[in-house]
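[1] Give me a 3D structure for the following:
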Amino acid sequence: MKRDVIVACDFSSMEETLSFLDRFEEEKPFVKIGMELFYSEGPEIVRQIKNRGHRIFLDLKLHDIPNTVQKAMKALSGLDVDICNLHAGGGIEMMKAAVKGLTREDGTRPLLIAVTMLTSIDQEMMEKELKIKGELPEIVMEYAKNAKEAGLDGVVCSPLEAAKVHEVCGDSFLTVTPGIRFADDAKGDQQRVTTPAKAKEIGSDFIVVGRSITAAADPVAAYRRCVSEFC
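    Residues are numbered from 1 along each chain as shown. Presented below is the predicted three-dimensional model:
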């Protein structure tokens with residue numbers, strides 16, 4: 001699959017989101033819809049953006065018992081999004097149930113990826129607060145292997161872990177990597193970050209870029225810069 005930039009539309013309303021996308025007269029960026037926007041506007045925001053010709057990564061990070069996740073994924077399967085996700089921490093059976101729920105009667109489904117470890121979590125937090133013992137990169141690899149065993153298409157991981165995920169799970173196993181900033185940006189509330197150019201070098205398949213584009217004085221120029229550096 002072709003490498004691409006996904007723009008995180010972390011806005012609070014449909015009006016703000018569509019106004020932002022109106023700036024892109026020539027491009028149709030791949031768009032991420034997260035919890036804030038989806039919970040504010042519901043499925044209609046997905047339909048509106050799809051009708052404009054954008055691909056969509058629906059970033060809801062499901063994490064519940066297998067039966068609940070399966071039913072939720074079945075509900076989402078009709079929205080015609082391109083990527084869905086869940087938390088790998090829910091376990092292999094939950095992930096298998098998600099694949100089953102997401103698969104339509106004709107056998108098609110969106111790509112399904114698993115969040116390994118949030119980029120806001122570092123080694124100290126993982127050990128002291130989450131009580132997970134081991135080196136963070138190794139925990140990410142174990143979660144990635146579980147996701148592959150469950151039949152998922154890839155994982156969300158830090159760009160710093162993308163190359164190792166490919167080494168462990170194969171080149172066709174997708175790595176979708178948030179935590180991307182331009183070299184001259186602040187890293188915000190994320191701990192494990194890198195630049196678009198470095199993510200390309202490391203081997204990320206998709207990068208998710210938020211504030212570096214959405215908060216830029218010229219978002220279209222920032223998006224084009226990101227594509228130029230990564231694709």
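[2] Look through this protein and tell me its longest strand.
    Criterion DSSP state E: the longest strand present in the chain is strand 56-62.
[3] After it, which helix or strand is next?
    For strand 56-62, the succeeding helix or strand toward the C-terminus, using DSSP states H and E, is helix 66-76.
[4] May I see the buried residues of that following helix?
    The neighbour-count check on helix 66-76 (16 or more other C-beta atoms under 10 Å) flags 66, 69-70, 72-73, 76 as buried. Every C-beta, even on glycine, is put in place using the N, C-alpha and C of the backbone.
[5] Just give me the closest of those residues to T116.
    Relative to T116, the closest of the buried residues of helix 66-76 is V69; by C-beta to C-beta it sits at 16.9 Å.
[6] any weak-confidence spans in this protein?
    Applying pLDDT under 70 to the chain flags residues 1, 185-193.
[7] circling back: then the longest strand of the chain to PDB, C-alphas only?
    The C-alpha trace of strand 56-62 is given here as PDB (Å, rounded to 0.1, in the frame of the first residue of the first chain):
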ATOM      1  CA  ILE A  56     -11.200   8.200   6.500                       C
ATOM      2  CA  PHE A  57      -9.400   6.600   9.500                       C
ATOM      3  CA  LEU A  58     -12.100   6.300  12.200                       C
ATOM      4  CA  ASP A  59     -10.000   6.500  15.400                       C
ATOM      5  CA  LEU A  60     -12.400   5.300  18.200                       C
ATOM      6  CA  LYS A  61     -10.000   2.800  19.900                       C
ATOM      7  CA  LEU A  62     -12.600   0.200  20.900                       C
END
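[8] which helices and strands does that strand pack with?
    strand 30-33, helix 35-41, helix 43-51, helix 66-76, strand 83-87 (3 or more C-beta pairs under 8 Å, 6 or more residues apart in numbering; DSSP states H and E).
[9] Against D171, how distant is the nearest residue to A183 once chain neighbours are set aside?
    Nearest non-adjacent residue to A183, counting by C-beta to C-beta, 6 or more residues apart in numbering: T195, 5.2 Å away. Applying C-beta to C-beta, to the nearest Å, the value for T195 to D171 is 22 Å.
[10] next one: D106
    Per C-beta to C-beta, D106 is found 28 Å from D171.
[11] Compare these two (neighbour count), which wins?
    D171 (10 against 6; other C-beta atoms under 10 Å).
[12] so that one, which of the three states?
    With DSSP: H, G, I helix; E, B strand; the rest coil as the basis, D171 sits in coil.
[13] do you know how far it is from F20?
    Distance from D171 to F20, by C-beta to C-beta: 34 Å.
[14] follow-up on the earlier one: contacting residues around the residue nearest to A183?
    180-183, 229 (C-beta atoms under 8 Å, 6 or more residues apart in numbering).
[15] related to what we said a few turns ago, how about the buried residues of helix 66-76 in a markdown table, adding distance to G151?
    Formatted as a markdown table, those follow (distance: C-beta to C-beta, whole Å):
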| residue | distance to G151 |
| --- | --- |
| P66 | 13 |
| V69 | 14 |
| Q70 | 13 |
| A72 | 17 |
| M73 | 13 |
| L76 | 17 |
